[in-house]
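# Generate a structure from the sequence data that follows.
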Amino acid sequence: MMHASTITRYKGFTLIEIMIALMLGIIVIGGALSIYISTIRGSANISNSARLNYDLDAVMQLMKNDIRRAGYWGGAISGSDATTNPFTSIAANNIQLLVPDAGDATKSNCILYTYDSDGNSTPDNGEFYGFKLDNGTIRISSKDSIDDSGNCTKANYWEDFLESSQVNISTLTFSAANSKCLNISTGEVFPGTCALAIAAAGGVTGKVSSGNKAVETRQIDITLTGNIIGDISVKKTLQSIVKIRNNRIFNQP
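This is a model prediction of the structure:
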């Protein structure tokens, strides 16, 4: 008996099928790459945000801790007269908040203050401290680099203490608007610093005037804003309050 031979035919993919398969493969690979890039970008943002948080928190804490010491006097012992504290009674040694030249875009507000760092009861050369914003970074005036000029512009007396190649500081402001001035002689309290109350005296009864004893409770409000260099989307603003431990007690001349 004769058997017809069985012929098996193999059929391949058509061009259209191959193109569809390639297209699907490209879509899958593209999706995977998109997820990978998003993951890397998200990881970088988290890392940058963590770095910014750490740097700004550290800077703010350092400024608060040092500014809080303003007016400290080693001679403040039992029986001493607080009105003779040279770190507050002398106008040039009091806390100074200085507004920058409006035409100079490289600088922001600056704070200068003094305290008795060596405890010898006398203002020494080198006990003038401060912070200011300059060229996108914060500079410090410390014992080794003092600026006793009272205007925050003395050349070569300020140094960086922030990694300026990584973080850009866009805002640094100081305000004493929430300080209070008590006229001990009359018992009246005025909002703001005693300088404001004195300036507003102008013959008005009750304002701090010549011969009056005054107590100034000082509060400095700080606003700090920064971002990661090269990525302005990673930005943070901090606001903090510094209650100065040492009140300013003086006799108005």
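# Number of residues surrounding Ala32?
Using other Cβ atoms under 10 Å as the criterion, Ala32 is surrounded by 10 other residues. In short, each C-beta sits where N, CA and C put it, glycine included.
# where does it land in three-state SS?
Judged by DSSP: H, G, I helix; E, B strand; the rest coil, the three-state class of Ala32 is helix.
# Gly119 - nearest residue in space that isn't next to it in sequence?
Gly74 (3.6 Å; Cβ to Cβ, 6 or more residues apart in numbering).
# give the contact list for that neighbour.
For Gly74, the contact set (Cβ atoms under 8 Å, 6 or more residues apart in numbering) comprises 116, 118-121.
# Most widely separated two among these?
Asp118 and Ser121 (9.3 Å; Cβ to Cβ).
# So for those two, which sits in the more crowded spot?
Ser121 (16 against 11).
# Am I right that the more buried one is in contact with Ser80?
No - counting by Cβ atoms under 8 Å, Ser121 stays clear of Ser80, with 9.2 Å between them.
# what about the longest strand in this protein?
The residue-count maximum for a strand in the chain (DSSP state E) belongs to strand 231-243.
# And the next helix or strand past it?
Counting by DSSP states H and E, the next helix or strand C-terminal to strand 231-243 is strand 248-251.
# quick one: the helices in the stretch 151-253 of the chain?
194-199 (DSSP state H, counting those that start in this stretch).
# What of the stretch 1-150 of the chain?
Under DSSP H, counting those that start in this stretch, the stretch 1-150 of the chain gives helices at 15-67.
# Might one say that Ser49 is in contact with Ser233?
No - contact criterion Cβ under 8 Å: Ser49 and Ser233 do not qualify, at 9.7 Å.
# With neighbour numbers in mind, choose between the two.
For Ser49 versus Ser233, neighbours defined as other Cβ under 10 Å are more numerous around Ser49 (16 against 9).
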